[in-house]
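A.B. asks: One predicted model, sequence on top.
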Amino acid sequence: MAPGASHKPDDDYDYLFKVVLIGDSGVGKSNLLSRFTRNEFCLESKSTIGVEFATRSIQVDGKTIKAQIWDTAGQERYRAITSAYYRGAVGALLVYDITKQVTFENVERWLKELRDHADANIVIMLVGNKSDLRHLRSVHTEDAQAYCEKEHLSFIETSALESTNVESAFKRILTEIYHIVSKKALAADDNAPTPQGGTRIEIKDTPAESEKKKSGCC
Amino acid sequence: MASEPKAGGLNGVKNFLRGRKFPGTVRLSHRGRDGSLTAEQDAAHVLSPNSSDAKDASKLAPAGSPAVSQEASFSSTEGGPVLWQGAASQPAEQPVAATARDPAGNEMKEGRELRSASNTRRAKFNKLLAEQVVDLDALRELCWSGIPSDLRPMCWRLLVGYLPPNRERRDAILARKRAEYRDMVPQWYDIAGSSDDDAGALRQVRVDAPRTAPGVACFHQPAMQKSLERILYLWGCRHPASGYVQGINDLVTPFLAVFLSAHLQGPLEDWQVDSLSEEDMLSVEADSYFCLSKLLDGIQDHYTYAQPGIQRTVFSMKELVRCIEEPLSRHLETQGLEFLQFAFRWVNCLLIREIPFQAGFRLWDTYLAEGPKMREFLVFVLASFLLQWSRNLAHMDFQELVMFLQKPPTGEWGEGEVEFILSRAYMWRITYGDAPSHWKQT
């Protein structure tokens, strides 16, 4: 059973957050997504063309938060297409591969992409993936950490293969978004029990979603 | 500098994993697409086009000349596209004759009929191909409805215009093209990485070559990985307007597999590419490179900045679907579903990502037979593919729609299902014409 499949009907959520997965191709974005939403890892996954989509709900402070996650193609050619999906996103996981220095160097370009196309208040988390490949590491944790402090980003290292920190990464960013949104709601109107305005994204009812989660790899 | 690709990518991974334990499910590849039955495939079976529909289609599909027999079957349905739609989305009441899979008792008689039909077709192919100068128009017409697998290497090379119709000139041209390719390798590939741009392009190709056709073993043997890497890198160098774009790796796979089939016996799953002589492998590689180039020549704007060709095709598809099935079109719109959200990859990879690997060969028969018209025809194929599931889609909300369409249940598809999609696309082209402006006025 996928970790996200709860007894609660999937359309029964308090918050819906749109999150994008971005970063160079081959860093493991699709596997982070399949690990988080279906507890699956695929060794020979095909490259993502355009965008792919999955969801999962988690609990934060007794509230159900449904994450609608758009996984994007990493190659530069696809940016014109994928950047359209940044609109309305309240979170971004910017992924690099700890064994490939160049994917870390490109983080700067990805940040610029977000600044150009995404909401100014988007919560960004830098994710160093493939932490299981210890013997091949070329990006030091300290360097990434220092960079994140400078750029005011959250940071985590993950292994989609070993399922290390994948859950934490998504939970941390969703919780962070939740806190911002609920604080904003309080500030906006003390009487309003639920957040209003631009940060909450509504979509239609989504029954039978837990069935979908059993579907195959990638 | 260009170095050897990682030998036996999958073996490397298997070694790496040996004796280790991982949480959840760890899959080697997309088994769902390549054989072993999964729970999802059971569901897929229920949702996949009713097999009698597919038979219906193969019955209606052009058996020799697409134009003649298609028109005949079209007029026989009287109601035109509406009836066709009905036939597509509802299980046929009557079992339709003539496939080997039919469990009915008249199987043997039907088998004989099929064999004799296929003998007649083969005779037509042989006759055409034996001509001193092949009649390309006649060949297109014949190939449109499917090519016998042993004749594919010859027919595909003729259809794309890589081989000349004149027999006498073929050997010389082949030798010249293959030599040209051989010269390109040291000129481009062997010095790859000498500039930043080159290094980036090579890196991209190296990320994608191991992820090409994951379920097909021969693509992961060292010789094949090397060929893939060179073809894709060279194509990118020679087409700087777009460069290599992810998904082009998928488009070259049918050519490689079909040209290899001229050299290797037995089922594709058992092929040992490394058993080929270096010269044979280079010929396969060169032929695949040039045929890929010919295919892509007509759709280069699918891969240039912002991919305008894909956007236009998806837009045309949306308009066409609106004409064919307005209620579904409205449902998708109400749900906030954008066609680009699911059809982008369909166009980018010409639908081969969406069907089992070998069924893609049948798709290629028709695409290559369409030649320069493939681009327009693709719009009809896409609509036909989407509307295969109109009944299911009509009840789905946004999220279900996206999840379903990014992985449609085609795991069990073979040539029959592909043929159904293609023949219906053919009918719709007759009904709606080629130009999107016509659809709007319909």
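C.D. replies: Arrived safely, thanks for sending.
A.B. asks: Any idea how many residues pack against the residue of the stretch 51-200 of chain B found nearest chain A?
C.D. replies: With CB to the nearest CB as the measure, B:G200 is the residue of the stretch 51-200 of chain B nearest to chain A, at 8.5 Å. Yep, even glycine has a C-beta here, placed from its N, CA and C like the rest. B:G200: 14 surrounding residues under other CB atoms under 10 Å in any protein chain shown.
A.B. asks: Just list what the helix or strand it falls within packs against, helices and strands only.
C.D. replies: Secondary structure assigned from DSSP states H and E places B:G200 in helix B:196-208. Here helix B:196-208 is seen to pack against helix B:222-238 when contacts are counted using 3 or more CB pairs under 8 Å, 6 or more residues apart in numbering or on different chains; DSSP states H and E.
A.B. asks: just the angle between the helix it packs on and helix B:196-208, please?
C.D. replies: 140 degrees (axes from the mean of the first three to the mean of the last three CA atoms, to 10 degrees).
A.B. asks: Need the mean per-residue confidence for the very next helix or strand once past helix B:222-238.
C.D. replies: Note on helix B:222-238: by DSSP H and E, the next helix or strand toward the C-terminus is helix B:248-260. Confidence over helix B:248-260, taken as the mean pLDDT, stands at 98.
A.B. asks: Over to stretch A:44-53?
C.D. replies: Along stretch A:44-53, the predicted local confidence has a mean pLDDT of 94.
A.B. asks: same for the longest helix along chain A, what does it pack against?
C.D. replies: Longest helix in chain A by number of residues (criterion: DSSP state H): helix A:166-188. Packing partners of helix A:166-188 (3+ CB pairs under 8 Å, 6+ apart): strand A:15-22, helix A:29-38, strand A:51-60, strand A:63-72, strand A:91-97, strand A:123-129, strand A:154-157.
A.B. asks: tilt between that helix and strand A:51-60?
C.D. replies: Computed with the same axes, to 10 degrees, the direction of helix A:166-188 lies at 70 degrees from that of strand A:51-60.
A.B. asks: Helices of the stretch 301-442 of chain B, start to end?
C.D. replies: For the stretch 301-442 of chain B, helices defined by DSSP state H, counting those that start in this stretch occupy the ranges B:308-324, B:326-334, B:339-348, B:359-370, B:374-386, B:390-393, B:398-405, B:415-432, B:436-441.
A.B. asks: would you list these in CSV and tack on mean pLDDT and mean neighbour count?
C.D. replies: Output for the helices of the stretch 301-442 of chain B, formatted as CSV (pLDDT from 0 to 100; neighbours: other CB atoms under 10 Å in any protein chain shown):
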stretch, mean pLDDT, mean neighbour count
helix B:308-324, 97, 21
helix B:326-334, 98, 15
helix B:339-348, 97, 24
helix B:359-370, 98, 24
helix B:374-386, 97, 23
helix B:390-393, 96, 17
helix B:398-405, 97, 22
helix B:415-432, 97, 23
helix B:436-441, 57, 13
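A.B. asks: TSV for those helices, including distance to B:H220?
C.D. replies: Listed next are these as TSV, based on distance: least, CB to CB, whole Å:
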stretch	distance to B:H220
helix B:308-324	28
helix B:326-334	38
helix B:339-348	22
helix B:359-370	18
helix B:374-386	28
helix B:390-393	34
helix B:398-405	29
helix B:415-432	25
helix B:436-441	41
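A.B. asks: Point to the helix or strand of chain A where mean pLDDT is at its lowest.
C.D. replies: Considering only helices and strands, the least confidently modelled element of chain A by mean pLDDT, DSSP states H and E is helix A:209-212, at a mean of 39.
A.B. asks: how much space between the residue most central in space within chain A and B:L340?
C.D. replies: Per CA atoms, centre = their mean, the C-alpha nearest to the average position across chain A is that of A:L93, at 4.3 Å. Computed as CB to CB, to the nearest Å, the A:L93 to B:L340 distance reads 22 Å.
A.B. asks: Quick one: name the residues of the stretch 151-300 of chain B near chain A.
C.D. replies: Neighbours of chain A within the stretch 151-300 of chain B, by CB under 8 Å from any CB of the partner chain: B:203-204, B:207-208, B:210-212, B:214-215, B:242-243, B:245-247, B:249-250.
A.B. asks: low pLDDT regions in chain A?
C.D. replies: Within chain A, the stretches with pLDDT under 70 are A:1-10, A:188-218.
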